[in-house]
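> Next come a sequence and a model predicted from it.
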Amino acid sequence: MTRAAHRFVVAIIVAASGFSAPADEQANAVGKLIPWLLDEGAALKGIRFADVISATSGRRVIPIDRSDPVDQRVLALLGSALDQVLAELNAPESPTRKARRVNEMSSHFETAIRKHLKATAGLTCDFPKTADGKQQRSGYPDLRIADTASKRVYYLDPKLFAAGSRNSSFRTFYFEPKRATNKVTEDARHLIAGIEHERAADGAVHFARWDLIDLSEFRVKLKAEFEGSNADMYRAGAVVGSSPR
């Protein structure tokens, strides 16, 4: 992506997140945006997630340093907690093993990871709060972890993937830049906890393994869509015909 293209995409992301701009600037941005969306070229791909976070929240995505003692210790604690979570959710009595939808399983993982990390000495873990102080479960990221000694913050987002789909090109990560509901409020390390699962012939789910992924060099693409509600469509002045009553 060229520097000019990068600046334009970041400007569009900032506009989408709710930051105001003069009307003439907005009209000019929209006039440039539509041709870009129709082209779907490289300019809308390969965008650094760290740049998206910076543009929408003003916060930095800090890389994990595997030679740093604090990051080493936190990663080890996270790994230990994830081992416990997999053992717990693989137990025969776990309701997660009978879940039919990935969203149901993900919710169980968020709750279980939070529980184990809250019980881990040296860490705190909870659902992140929005910029206005409201706790919110939906949207990225799912969990906020803090190391009590160093005060470092780690955002963690559990993602489940089916065995054999590790290299799939289907969308598995989603981030919607919204100013009012933004949950990234601090400079932090950003991690994905990828959990591989497989389903047996009887429908039971087995969680096979986990990976921790550093998102500091994660690349995303912009896929825009224009949306509207029924209230937007069925306005009195827009209805030009109806069936007899």
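Good, I have the coordinates. Numbering: from 1, shown residues only.

> Can you give me the end-to-end span of stretch 172-185?
Stretch 172-185 has an end-to-end distance of 23 Å (CA to CA, to the nearest Å).

> Flag every buried residue along it.
By 16 or more other CB atoms under 10 Å, the buried positions in stretch 172-185 come out as 175, 177, 181-185. Bear in mind the C-beta positions are built from the backbone N, C-alpha and C, glycine included.

> And the protein, split by domain according to the record?
3-45, 69-220 (automatic domain parsing).

> Go through these and pick out the most buried.
Among those, domain 69-220 has the highest mean neighbour count (mean count of other CB atoms under 10 Å), at a mean of 16.

> which intervals of the chain have sub-threshold pLDDT?
1-30, 32-34, 36-44, 224 (pLDDT under 70).

> Helices of that one, start to end?
Ranges of helices in the chain, per DSSP state H, are 3-16, 23-39, 49-57, 69-89, 102-118, 230-233.

> Find the nearest non-adjacent residue to E196, please.
Spatial nearest neighbour of E196, excluding adjacent residues (CB to CB, 6 or more residues apart in numbering): A208 at 4.6 Å.

> surely that neighbour meets G194?
No - the pair A208 / G194 is not scored as a contact, 11.1 Å apart, by CB atoms under 8 Å.

> ok so, going back, in TSV, list the domains of the chain along with distance to S229.
TSV is the format used below for the domains of the chain (distance: least, CB to CB, whole Å):
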stretch	distance to S229
domain 3-45	18
domain 69-220	16
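
> With respect to R235, which of those domains lies nearest?
Closest approach to R235 among the domains of the chain is made by domain 3-45 (21.7 Å; CB to CB).

> Contacts only, for the residue nearest the centre of the chain.
Per CA atoms, centre = their mean, the C-alpha nearest to the average position across the chain is that of Y140, at 3.5 Å. Neighbouring residues of Y140 by CB atoms under 8 Å, 6 or more residues apart in numbering: 157, 174-175, 183-184.

> which one of these sits closest to G79?
D157 (16.1 Å).

> partner residues bridging that closest one?
With DSSP bridges applied, D157 shows beta-bridge pairing to I192.

> For it, give its distance to D187.
17 Å (CB to CB, to the nearest Å).

> What of Q84?
To D187, Q84 is 29 Å away according to CB to CB.

> repeat for L212
Noted for L212: a distance of 19 Å to D187, by CB to CB.

> Quick one: residues in contact with stretch 79-92.
By CB under 8 Å, 6+ apart, stretch 79-92 touches 94, 96-97, 108-109, 112-113, 116-117, 120, 193, 195, 206-207, 209-210, 212.

> Look up which residues are beta-bridged to E198.
H206.

> so which pair among the buried residues of stretch 172-185 is furthest apart in space?
The span of the buried residues of stretch 172-185, defined through CB to CB, is set by F175 and T185 at 14.9 Å.
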